[in-house]
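3D, please:
(4 chains)
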There are 2 protein chains.
Amino acid sequence: MPTISKENYLKTIYQRAQTSNEPVTTSYVASKLEVSNAATSEMAKKLSDDGLISHEKYKGIELTDNGREIALQIIRRHRLWELFLIKVLGLSWGEVHDEAEMLEHSTSELLINTIDDYLGNPKFDPHGSPIPDRFGNLPVTPAIIALTKCRTGKKYRIAKVNDKSSELMNYFSRLGLELEKEIVIEDRLEFDNSITLSIDNRIHSLSEKICENVYVYSN
Amino acid sequence: MPTISKENYLKTIYQRAQTSNEPVTTSYVASKLEVSNAATSEMAKKLSDDGLISHEKYKGIELTDNGREIALQIIRRHRLWELFLIKVLGLSWGEVHDEAEMLEHSTSELLINTIDDYLGNPKFDPHGSPIPDRFGNLPVTPAIIALTKCRTGKKYRIAKVNDKSSELMNYFSRLGLELEKEIVIEDRLEFDNSITLSIDNRIHSLSEKICENVYVYSN
DNA sequence: ATTAAAAATTAAGCAAACTTAAATTAATAA
DNA sequence: TTATTAATTTAAGTTTGCTTAATTTTTAAT
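Below is the predicted model:
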């Protein structure tokens, strides 16, 4: 079993590879984990020796099958814990990320499978992200688009949010912005790319940066 | 916040002080944590610098108020997790110790208090050990005695077991030996200090070593 | 009281995971 | 094409927590 630190590197590499076409650079990983480039470079060599990534010097990083498997196990633990903390223990959208970030490294396969069963083998976490099953398989995900890509006047349903900070999650909660909630795009300002939308018949204006982190089903 | 390693030293020191009159020695802590005496000696200096223990060289170790507070917090987490895993997630007596051993270091105060409330603020864990409340206060505990001190022919109720190994816990489960279960001391062999007792009208013989780890209410 | 044995500490060294600073490689712009 | 800049890696050093071996202190026995 890898160390907690190695698990975090693998998770970061996996998630970057999933959400970007560009190669995963050491500097990206370094900034995400808030460590120096030097630390990442060093760790890349170790993970490469462990057979968990492939890394040609001065080129991008790629996960091996083994590395991806471990990353998916950690992500599985994270997302199941988030759902469990909300559904069973009643924690809020804003509280679960940091808790799951710790628990994901201290959870045996027995325990996470028990939690999975307890929850009825859910396919998505509280932010709309897919949960890998015990074999590392991801569920089929519906097509989604960021709010920034939505058309004015149309109605959508919230499919996913990026849980970047508890502050943002709490803000969403205050807005009433939740998964599966219907929204209508009312207007969009060319000036700053902000979007005006209605949730529960109330009008809100969201900045471009926020809209990039909210996704709706693209029907 | 101390490191996981420091938390484990503090917990071990606390538990030794609770269950023995002799001073807590470095060699005891070392053997319990399965590290060298040298490592323990070194750690003792660090914990002393942190103000968590007091330690005169070549003498025993004592927790300071701060050190005891942290130890009790870890023990609280451990025991609440054990109860939660059994009561809510259905894990077995033998499975919970190792899980709790990991989770206790990855659980925020918010989360453990939530779990505490979810369980109805229980006073004892699944092995009969007292659970410190959120302020570090231990509940009043009934008087108990080890099986080794019981009188032949008498009836008792199981109050507590030491959860030393999952193997032992699984053995207890097979015997039907559970908290609050009534037992009768049938006989005792001078030869090896083993004890014969009946549980659910079935007769079992337990070695002295096992009997030292089972406690009953001493009425 | 002295000495042998046991316990505890110190010394020296290692691995993991980080740091800053220096050196190298790759990318880009004149 | 070459020079500059940016990205990456290597080098040297730190902290934490461990190891074994050597030393010191305490305890116990003669």
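
so is A:Arg157 in a helix, a strand, or just coil?
Applying DSSP: H, G, I helix; E, B strand; the rest coil to A:Arg157 yields a three-state assignment of strand.

helix, strand or coil for the residue lying closest to A:Tyr118 once chain neighbours are set aside?
Nearest in space to A:Tyr118, with sequence neighbours left out and distances taken as C-beta to C-beta, 6 or more residues apart in numbering or on different chains, is B:Leu89 at 6.0 Å. Where C-beta positions appear, they are placed from N, C-alpha and C, glycine not excepted. At B:Leu89 the chain is in coil, as set by three-state DSSP.

Look up how far DNA strand D lies from A:Ser5.
Separation of A:Ser5 from DNA strand D (C-beta to the nearest atom of the strand, to the nearest Å) stands at 12 Å.

Just the CA atoms of the helix or strand where A:Ile185 lies, as CSV, please.
A:Ile185 belongs to strand A:182-188 when assigned by DSSP states H and E. Taking Å, rounded to 0.1, in the frame of the first residue of the first chain, the C-alpha atoms of strand A:182-188 are listed here in CSV:
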residue,chain,number,x,y,z
GLU,A,182,-34.4,23.3,-12.2
ILE,A,183,-33.0,26.6,-13.2
VAL,A,184,-33.6,29.1,-16.0
ILE,A,185,-30.9,31.1,-17.7
GLU,A,186,-32.4,34.6,-17.7
ASP,A,187,-29.6,36.7,-19.1
ARG,A,188,-25.9,36.9,-19.7
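
Direction included, what does it pair against?
For strand A:182-188, sheet partners with direction are given as strand A:155-161 (antiparallel), strand A:195-199 (antiparallel), following DSSP bridges.

does the residue nearest to A:Tyr118 really touch A:Asp117, like I thought?
No. Between B:Leu89 and A:Asp117 there is no contact under C-beta atoms under 8 Å: 9.1 Å.

Nearest approach to DNA strand D belongs to which of the strands paired with strand A:182-188?
Distances from DNA strand D to each of the strands paired with strand A:182-188 were compared using C-beta to the nearest atom of the strand; the shortest belongs to strand A:155-161, at 28.4 Å.

Just give me how far the closest one sits from the chain centre.
Using C-alpha atoms, centre = their mean, to the nearest Å, we find the averaged C-alpha position of strand A:155-161 to lie 15 Å away from the chain's own average C-alpha position.

got it, and stretch A:115-122?
When C-alpha coordinates are averaged (C-alpha atoms, centre = their mean), stretch A:115-122 and its chain have centres 19 Å apart.

Next, name the residue at the spatial heart of chain A.
The geometric centre of chain A, computed from its C-alpha atoms, lies nearest to A:Asn162 (C-alpha atoms, centre = their mean), at 5.6 Å.

those strands in chain A, which residues are they?
Using DSSP state E, the strands found in chain A span residues A:53-55, A:61-63, A:144-146, A:155-161, A:182-188, A:195-199, A:202-206, A:214-217.

for the ones you listed, which one ends up most surrounded?
Scoring the strands of chain A by mean neighbour count under mean count of other C-beta atoms under 10 Å in any protein chain shown gives strand A:214-217 as the most buried, with a mean of 22.

List the contacts of it.
Taking C-beta atoms under 8 Å, 6 or more residues apart in numbering or on different chains as the criterion, the residues outside strand A:214-217 that touch it are A:128, A:142-147, A:150, A:156-162, A:172, A:177, A:183, A:206.

Sweet, I'm off.
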